[in-house]
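J.: 3D model of this:
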Amino acid sequence: MSNALAIAGVTAVLKDLLNNGLIDHNVTGAVGGNVTVTALPPDRVFAAGTQEGNQLNLFLHQVTPNPGWRNAGLPSRDERGERLTNPPLALDLHYLLTAYGAEDLHAEILLGYAMQLLHDTPVLSRQAIRTALIPSPVNGTILPPALQALSASDLAEQVEQIKIIPAALNSEEMSKLWSALQARYRPTAAYQVSVVLIESQKPAKASLPVLTRGPVDPVTQREQGVSVQGDLISPFPTILSVTAPNRQPSVQLGETLTIEGRHLDGTNATVRVTNPRLPNALDLAPLEGRTATRLQVTIPNEPAQWPAGLYAMAVVLQRPGETFQRTTNELFFTLAPTVTTPLPLSIVRDANGDATIALTVRPEVRPAQRAALILGDREIPAQPHPPQTDRLSFVVKKAKPETFFIRLRVDGVDSLLVNRAVTPPVFFNQTVTITP
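T.: Down below sits the predicted model:
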């Protein structure tokens, strides 16, 4: 594959092709003077007030993705964002070939010869590219710095060769182009050059070769191949729901989650839990008595290790008859914070009418976590706290003397306020009374 120098490399090769072709055809004799080949924006070819000379200008006016190559090598990253492949950046280059003449018919002569050269060379050979970008036996140090750099573009080594295709632009498209260029129109032909493949050199993962297509039958010693079944239910282990006790919206430390799904039987089962606040996944052992459709796991009562918030859960296990582990899909659950200060609580306002509510909580709140106290329908942000703490303070400005239900909110997850273990549900006695 080529690298980022390939676009400039193509322009340099085309310019060299035109230059050599004009010399071989003795075009200078036909126009009675030297002919220059440039690769400049049209508004910079001749300065204002300067007399025009005999010149061909090749201008790259547009770069577009190549539709045939744009999906090659995808997906390039896995679900964790790690690089799997280096997909090529596949580009089509669009050029304007413009002819300038010092006298009548010179521009037409130059344009005719240039179009004939490009018509006779529909594909840039690898040797032509190497000759143009690494001229030999010329000493490379006498070349312009830009051309010296293009020798490292690897354009000749890319897997697909460069093709030159005439493009049709109608009068409206050509008029818009030259208006945008703010230059005077001259005889022009449009070309598309395809395809330039630019590939990154960043390291990627390489998969191991396939040893067998399915388990090997111990009797026949043949590969069993792809397994099929006669229904639409997935044969892979799948979790369908994660339920907190008593139909609560969230689980608390020390409580048990119930996981229901399909094909959860097997050995070496582990419940893998991830959270954005944790650098690594946490593995939990399921409780005894699990079946193919149901298992339970207890969240450890470790306030310092398990921050409140949103968690993703998957089950890793080894299915019967298999020698490797499978991972289920992921479902989410929320771990709710808990106020451990004895409630109800009575708070006296200060002389300014403010009330300061100090609470102990679990799990411990981490520095990047956003904590707030929901006092009735009012959200009170927590005061600045140490890096990781189980003590939070909340200042209620101009507090009203009243009794309020309270909830602790950490990373968007509220502590439990409703007791759903009874019918009908009732509020827990989590109140704070503010007195004058």
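
J.: List the buried residues for the helix or strand of the chain with the lowest mean pLDDT?
T.: Across the helices and strands of the chain, mean confidence by mean pLDDT, DSSP states H and E is lowest for helix 145-150: a mean of 76. Within helix 145-150, the residues that count as buried by 16 or more other Cβ atoms under 10 Å are Leu147, Leu150. In short, each C-beta sits where N, CA and C put it, glycine included.

J.: where's the nearest residue to Leu408 once chain neighbours are set aside relative to Pro381, distance?
T.: Excluding the flanking residues, the one nearest Leu408 by Cβ to Cβ, 6 or more residues apart in numbering is Ser415, at 4.3 Å. Applying Cβ to Cβ, to the nearest Å, the value for Ser415 to Pro381 is 16 Å.

J.: who's more crowded, the two?
T.: Ser415 (22 against 12; other Cβ atoms under 10 Å).

J.: mind checking how far that one is from Gly225?
T.: Distance from Ser415 to Gly225, by Cβ to Cβ: 53 Å.

J.: Spit out the contact partners of Leu111.
T.: Residues in contact with Leu111 (Cβ atoms under 8 Å, 6 or more residues apart in numbering) are Leu56, Leu97, Ala99, Pro187, Thr188, Ala189.

J.: What about those, which are in strands?
T.: Mapping the contacts of Leu111 onto strands (DSSP state E) picks out Leu56, Leu97, Ala99, Thr188, Ala189.

J.: Would you map the strands across the stretch 301-436 of the chain?
T.: 309-318, 326-327, 331-335, 338-339, 345-348, 355-365, 371-375, 378-381, 389-396, 403-410, 413-414, 418-419, 426-427, 431-435 (DSSP state E, counting those that start in this stretch).

J.: So in that sheet, which strands flank the helix or strand following the least confident helix or strand of the chain, and in what orientation?
T.: Sequence-wise, the next helix or strand downstream of helix 145-150 (DSSP states H and E) is strand 162-167. Here strand 162-167 is paired, per DSSP bridges, with strand 123-124 (antiparallel), strand 188-198 (antiparallel).

J.: can you list contacts of strand 162-167?
T.: In contact with strand 162-167 (Cβ under 8 Å, 6+ apart) are residues 10, 13-14, 94, 115, 118-119, 121-124, 129, 155, 189-196.

J.: So for that strand, what gets flagged as buried?
T.: Ile162, Ile164.

J.: could you list every residue that touches the nearest residue to Asn34 once chain neighbours are set aside?
T.: Spatially, and ignoring its direct neighbours in sequence, Asn34 is nearest to Thr28 (5.8 Å; Cβ to Cβ, 6+ apart). Thr28 is in contact with Leu22, Asn34, Val35, counting by Cβ under 8 Å, 6+ apart.

J.: buried stuff in the helix or strand harbouring Thr28?
T.: Thr28 is part of helix 27-31 when elements are defined by DSSP H and E. Buried residues in helix 27-31, counted by 16+ other Cβ under 10 Å: Val27, Ala30, Val31.

J.: can you check stretch 313-326 too?
T.: Met313, Ala314, Val315, Val316, Leu317, Arg319.

J.: Quick check: the last one touching His263?
T.: It stands for Arg319. Yes: counting by Cβ atoms under 8 Å, Arg319 touches His263, with 6.9 Å between them.

J.: what do those two both touch?
T.: Pro237.

J.: ok, back up a step: what's the closest of the contacts of Thr28 to Pro218?
T.: Closest approach between the contacts of Thr28 and Pro218, by Cβ to Cβ: Leu22, at 75.4 Å.

J.: which SS class is the residue lying closest to Leu177 once chain neighbours are set aside?
T.: Sequence neighbours aside, His61 is the residue nearest to Leu177 in space, at 6.4 Å (criterion: Cβ to Cβ, 6+ apart). Following DSSP: H, G, I helix; E, B strand; the rest coil, His61 is assigned to strand.

J.: Burial check on His61, number of neighbours?
T.: 14.

J.: Provide a list of residues in contact with it.
T.: So His61 contacts His94, Tyr95, Leu96, Leu177, Leu181 (Cβ under 8 Å, 6+ apart).

J.: okay, those in CSV with distance to Pro363, neighbour count and pLDDT next?
T.: Formatted as CSV, these follow (distance: Cβ to Cβ, whole Å; neighbours: other Cβ atoms under 10 Å; pLDDT from 0 to 100):
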residue, distance to Pro363, neighbour count, pLDDT
His94, 59, 18, 97
Tyr95, 63, 23, 97
Leu96, 65, 23, 96
Leu177, 63, 19, 93
Leu181, 64, 16, 91
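
J.: export those to CSV and tack on secondary structure and distance to Ile434?
T.: Below are these laid out as CSV (DSSP: H, G, I helix; E, B strand; the rest coil; distance: Cβ to Cβ, whole Å):
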residue, secondary structure, distance to Ile434
His94, strand, 72
Tyr95, strand, 76
Leu96, strand, 76
Leu177, helix, 72
Leu181, helix, 72
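
J.: Switch those over to CSV; also include distance to Asn419.
T.: As requested, those are exported to CSV (distance: Cβ to Cβ, whole Å):
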residue, distance to Asn419
His94, 69
Tyr95, 74
Leu96, 76
Leu177, 72
Leu181, 74
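
J.: Relative to Gln221, which of these is nearest.
T.: The closest of the contacts of His61, once distances to Gln221 are taken by Cβ to Cβ, is His94, at 59.1 Å.

J.: nearest residue to the closest one other than its sequence neighbours?
T.: Gln62 is the one closest to His94 (Cβ to Cβ, 6+ apart), at 4.0 Å.

J.: tell me the pLDDT at that neighbour?
T.: Listed pLDDT for Gln62 reads 95.

J.: That one: how many residues sit nearby?
T.: Gln62, neighbours per other Cβ under 10 Å, totals 12.

J.: next one: Asn19
T.: Neighbours of Asn19 using other Cβ under 10 Å come to 16.

J.: end-to-end on stretch 21-29?
T.: 13 Å (Cα to Cα, to the nearest Å).

J.: and that stretch, average pLDDT?
T.: Here the average pLDDT along stretch 21-29 is 88.

J.: No further queries at this time; thank you.
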